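*Asks:* predicted structure and sequence below. I'll ask about it afterward.
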Number of protein chains: 2
Amino acid sequence: MSDAKTRPAVMADVARRAGVSHQTVSRVLNDHPNVRPETRERVLQAINELAYRRNSSARALVTRRTNTLGVVAFDTTLYGPASTLFGIEQAAREAGYFISIVSLKTITGKSVSEALDYLAEQSVDGVIVIAPQRTAAEALAALPADVPVVAVEGGRAPDRPVVCVDQEAGARAATEHLLDLGHETVWHVTGPQDWLEAEARRDAWRATLAAAGAPVPEVVPGDWSPRSGYAAGRVLAERRAAGANVTAVFVANDQMALGMLRAFQEAGIDVPREVSVVGFDDIPEAEFFPPPLTTVRQDFAAVGRNSIGVLLDQIEDGPTLPPPRVVVPASLIVRSSTSTSTRTSTRTVEGDAPTGPSG
Amino acid sequence: MSDAKTRPAVMADVARRAGVSHQTVSRVLNDHPNVRPETRERVLQAINELAYRRNSSARALVTRRTNTLGVVAFDTTLYGPASTLFGIEQAAREAGYFISIVSLKTITGKSVSEALDYLAEQSVDGVIVIAPQRTAAEALAALPADVPVVAVEGGRAPDRPVVCVDQEAGARAATEHLLDLGHETVWHVTGPQDWLEAEARRDAWRATLAAAGAPVPEVVPGDWSPRSGYAAGRVLAERRAAGANVTAVFVANDQMALGMLRAFQEAGIDVPREVSVVGFDDIPEAEFFPPPLTTVRQDFAAVGRNSIGVLLDQIEDGPTLPPPRVVVPASLIVRSSTSTSTRTSTRTVEGDAPTGPSG
DNA sequence: CACCATCCTGTGAGCGTTAACATGTCCGCA
DNA sequence: TGCGGACATGTTAACGCTCACAGGATGGTG
């Protein structure tokens, strides 16, 4: 009975070598308590000698668990998604799960549901969807839940577990920081319209201004790219030249802030002496912008950890009602792109209001 | 025999419903030719009605193929690795493969081999290792090849397939561009010592200078981070103040270039009037640096496509000798951080050599 | 000494699929 | 009419594992 030449060893081979049954080998592998230490030792040695590896497919077939989680992401080239993905991967591996990833080029209801289909084909045990856009979040909500799903930045989906960064607190901190510095009001450059994060930051900015009794300027649209930030910077420089009270800007992300800094520089506007700028994300480059950017840092590692935590809970205990909603804090990092308002010797501006430069 | 309540349908269920044997269902699923169109139709309909999904574990168990490829990456938060990963994922999905990823925090021989172990446990069909460091590449070379492996940026590993960007051509283009602009020589800020890319860029820079008969200044060390670029910028500003001929710098990546630009600005050095700067990577922000950065663009999508291509070849046809080595081109993107040398009215510098500002 | 509980180990079945082979049908051609 | 071959389908046996259950020891207790 000349055995196979180089076929990897299977459980039966180990069993034979250790002089036990395949079931005992299985027990050793699965840390069952009822195995004599001596026997366990013999089995482990046989495993080592044969370089035995348990066949994950056979195991998955019978346990109905693949130990694999799917992640659907969009533009993993951006710092935020990339960092979130990294956090997710670390947390998953720690919990003994594999991560299978699908990166989308375009995010539509269709592409999201296709991605989920694709992952379902691989029989993942659960899925994390990084769904920062309204369309993605809606597509997710519309889907039948044959597999546990967690949305990251998934808006206020009422029936899905969601993990997200506290955009509101971040935007509020940014805006208040500028108001506290004595600026009469704060302008805002938004992200793309259908991004939930952009919306949340904008709304919180607006609410903060309103709460402080400060005038609420029209938003300047952007799309996250440095280019759009540059364009927004030119718009604001123009407004300023035309007499508008532009001394402080809260830009919805760091990349746009970079573009804006460049536009201001070209327009001869000094940051922070003449205009203060705050970003959002705290990308590694932000500290070295001209000038170093005051911005809001998001704890992406925590987002990853929590996503995995919520997802595993759901996999193990089934869906809970109401679905959990975890909010991860964001913190303001003050650098050199913001300073007190120096607009003292100026003619009164058009839409003035009682500002409270509180301490 | 009341059938299971909500248990997902299996092949036998489909077979029963379509009035055929499970084997015929299998044939339909696998596009076997010998199925009557009419039968095929009936089977497909049954599949639809039951929302049947083939069980990938069972399939993998018998075919000994998981249709999954592993990717080992390091610091996927950086633009380069993130982009490569994205390219790999796209190409893999197109080819019908799943991607399972392991991101390493630290890259050592141990961590790389652990990652490969981890992926082996998942029975991946092949692995792509993004191994830009010497240690990673060496760990890879030392490993037994029980699974097809492709190294991305894996140095000159003689016995492993490698896909890499033409660092040499990129660095040469950057250096020549500066020499062509009339600069007597070009300084260089390197990446971390054990990164193969850093080494390749440095060597090519040095060779280009030598070929042009230009003096070769000492390299300034860096570690990819903006911070280290800033430090390098201060060093060079100091040298310049001390009379050294610093009019052109080739920085090994864009992030460090950003830090350097900041240092130069603080030192009152105008870029590009007084010093020209070239980066490497062409990150999205580069176009909006102060000033827009001349840099070298790498085609990460092509790297991804080629990695998958080489890996699939190896999986399907077995290892070939010699192992393939694919080099992806890099191209110089000229922006505003470089200009002709204006160092005309200067005292002669110490280490002068016959420069050839050739056309 | 009988009896039950506890520990350790083995036996057999089954997870859902594909591969190999068997069977049956139909057609063309000698 | 008979026969080989292409085609269409069914039957059976793996694939390598875990689960449920069946024992054979061993030890404490009545």
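*Replies:* Everything's here; your move. Residues are numbered from 1 along each chain as shown, chains lettered A, B, ... in the order given.

*Asks:* now the strands for the stretch 51-200 of chain A?
*Replies:* With DSSP state E, counting those that start in this stretch, the ranges of strands along the stretch 51-200 of chain A come out as A:68-74, A:98-104, A:126-130, A:149-152, A:162-165, A:187-189.

*Asks:* of the ones you listed, which approaches B:S307 most closely?
*Replies:* strand A:98-104 (15.1 Å; CB to CB). Backbone N, C-alpha and C define where each C-beta goes, glycine included.

*Asks:* next one: that closest one to chain centre, how far?
*Replies:* Mean C-alpha position of strand A:98-104 versus that of the full chain (CA atoms, centre = their mean, to the nearest Å) differs by 14 Å.

*Asks:* that strand vs strand B:98-104, what angle?
*Replies:* Computed with axes from the mean of the first three to the mean of the last three CA atoms, to 10 degrees, the direction of strand A:98-104 lies at 110 degrees from that of strand B:98-104.

*Asks:* quick check: residues of the stretch 101-250 of chain A near chain B?
*Replies:* A:101-103, A:105, A:118, A:120-123, A:225-227, A:229-230 (CB under 8 Å from any CB of the partner chain).

*Asks:* residue ranges with poor pLDDT in the stretch 51-200 of chain A?
*Replies:* A:144-145, A:157-158 (pLDDT under 70).

*Asks:* where do the helices sit along it?
*Replies:* A:56-63, A:79-94, A:109-121, A:134-142, A:167-180, A:196-212 (DSSP state H, counting those that start in this stretch).

*Asks:* same question, the stretch 201-350 of chain A
*Replies:* Ranges of helices in the stretch 201-350 of chain A, per DSSP H, counting those that start in this stretch, are A:226-241, A:254-266, A:300-317.

*Asks:* using TSV, please lay out the ones you listed together with mean neighbour count, mean pLDDT and distance to A:S56.
*Replies:* Converted to TSV, the helices of the stretch 201-350 of chain A look like this (neighbours: other CB atoms under 10 Å in any protein chain shown; pLDDT from 0 to 100; distance: least, CB to CB, whole Å):
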stretch	mean neighbour count	mean pLDDT	distance to A:S56
helix A:226-241	21	96	44
helix A:254-266	26	94	41
helix A:300-317	20	92	17
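
*Asks:* which one of those lies nearest to DNA strand D?
*Replies:* The closest of the helices of the stretch 201-350 of chain A to DNA strand D is helix A:300-317. By CB to the nearest atom of the strand, the value is 14.1 Å.

*Asks:* using CSV, write down the CA coordinates of that closest one.
*Replies:* Taking Å, rounded to 0.1, in the frame of the first residue of the first chain, the C-alpha atoms of helix A:300-317 are listed here in CSV:
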residue,chain,number,x,y,z
PHE,A,300,-9.8,54.7,13.0
ALA,A,301,-8.3,51.8,15.0
ALA,A,302,-11.2,52.1,17.4
VAL,A,303,-13.6,52.1,14.5
GLY,A,304,-12.1,48.9,13.3
ARG,A,305,-12.1,47.2,16.7
ASN,A,306,-15.7,48.2,17.4
SER,A,307,-16.9,47.0,14.0
ILE,A,308,-15.4,43.6,14.6
GLY,A,309,-16.8,43.5,18.1
VAL,A,310,-20.3,44.4,17.1
LEU,A,311,-20.2,42.0,14.1
LEU,A,312,-18.9,39.1,16.2
ASP,A,313,-21.6,39.7,18.8
GLN,A,314,-24.1,39.5,16.1
ILE,A,315,-22.6,36.3,14.6
GLU,A,316,-22.5,34.6,18.0
ASP,A,317,-25.7,35.7,19.6
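
*Asks:* what packs against it?
*Replies:* helix A:79-94, strand A:126-130, strand A:149-152, strand A:162-165, strand A:325-328 (3 or more CB pairs under 8 Å, 6 or more residues apart in numbering or on different chains; DSSP states H and E).

*Asks:* winner for burial among the ones you listed?
*Replies:* Across the helices and strands packed on helix A:300-317, averaging neighbours per residue (mean count of other CB atoms under 10 Å in any protein chain shown) puts strand A:149-152 on top, at a mean of 28.

*Asks:* paired strands for that strand, with orientation please.
*Replies:* strand A:126-130 (parallel), strand A:162-165 (parallel) (DSSP bridges).

*Asks:* and the nearest residue to A:A91 once chain neighbours are set aside, what does it touch?
*Replies:* Nearest non-adjacent residue to A:A91, counting by CB to CB, 6 or more residues apart in numbering or on different chains: A:I308, 3.9 Å away. The neighbourhood of A:I308, defined by CB atoms under 8 Å, 6 or more residues apart in numbering or on different chains, consists of A:69, A:88, A:91-92, A:95, A:97, A:128.

*Asks:* OK, contacts around the residue of the stretch 251-359 of chain A found nearest DNA strand C?
*Replies:* Here the stretch 251-359 of chain A gets closest to DNA strand C at one residue, A:I315, 18.4 Å apart by CB to the nearest atom of the strand. Taking CB under 8 Å, 6+ apart as the definition of contact, the neighbours of A:I315 are A:125-126, A:148.

*Asks:* where's it relative to B:V149, distance?
*Replies:* Separation of A:I315 from B:V149 (CB to CB, to the nearest Å) stands at 32 Å.

*Asks:* ok, A:M256 next?
*Replies:* For A:M256, the distance to B:V149 (CB to CB) stands at 40 Å.

*Asks:* surely A:S21 meets A:V14?
*Replies:* No - using CB atoms under 8 Å as the test, A:S21 is too far from A:V14 to be in contact (10.5 Å).

*Asks:* of those two, who's got more company?
*Replies:* A:V14 (26 against 13; other CB atoms under 10 Å in any protein chain shown).

*Asks:* rewinding a little: now list the buried members of the residues of the stretch 101-250 of chain A next to chain B.
*Replies:* Neighbour counting by 16 or more other CB atoms under 10 Å in any protein chain shown classes A:101-103, A:118, A:122-123, A:225-227, A:229-230 among those as buried.

*Asks:* may I see the residues you listed organised as TSV, with distance to DNA strand D added?
*Replies:* Converted to TSV, these look like this (distance: CB to the nearest atom of the strand, whole Å):
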residue	distance to DNA strand D
A:I101	26
A:V102	27
A:S103	32
A:Y118	24
A:Q122	18
A:S123	14
A:S225	49
A:P226	51
A:R227	54
A:G229	54
A:Y230	57
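
*Asks:* neighbours of A:A142, how many?
*Replies:* 10.

*Asks:* test my guess that it contacts A:V112.
*Replies:* No - in this structure A:A142 lies outside contact range of A:V112 using CB under 8 Å: 9.6 Å.

*Asks:* what touches both of the two?
*Replies:* Counting by CB under 8 Å, 6+ apart, A:A142 and A:V112 have no common neighbour.

*Asks:* roughly how far does the residue nearest the centre of chain A sit from chain B?
*Replies:* Nearest to the mean C-alpha position of chain A, counting by CA atoms, centre = their mean, stands A:T84 at 4.2 Å. Applying CB to the nearest CB, to the nearest Å, the value for A:T84 to chain B is 10 Å.
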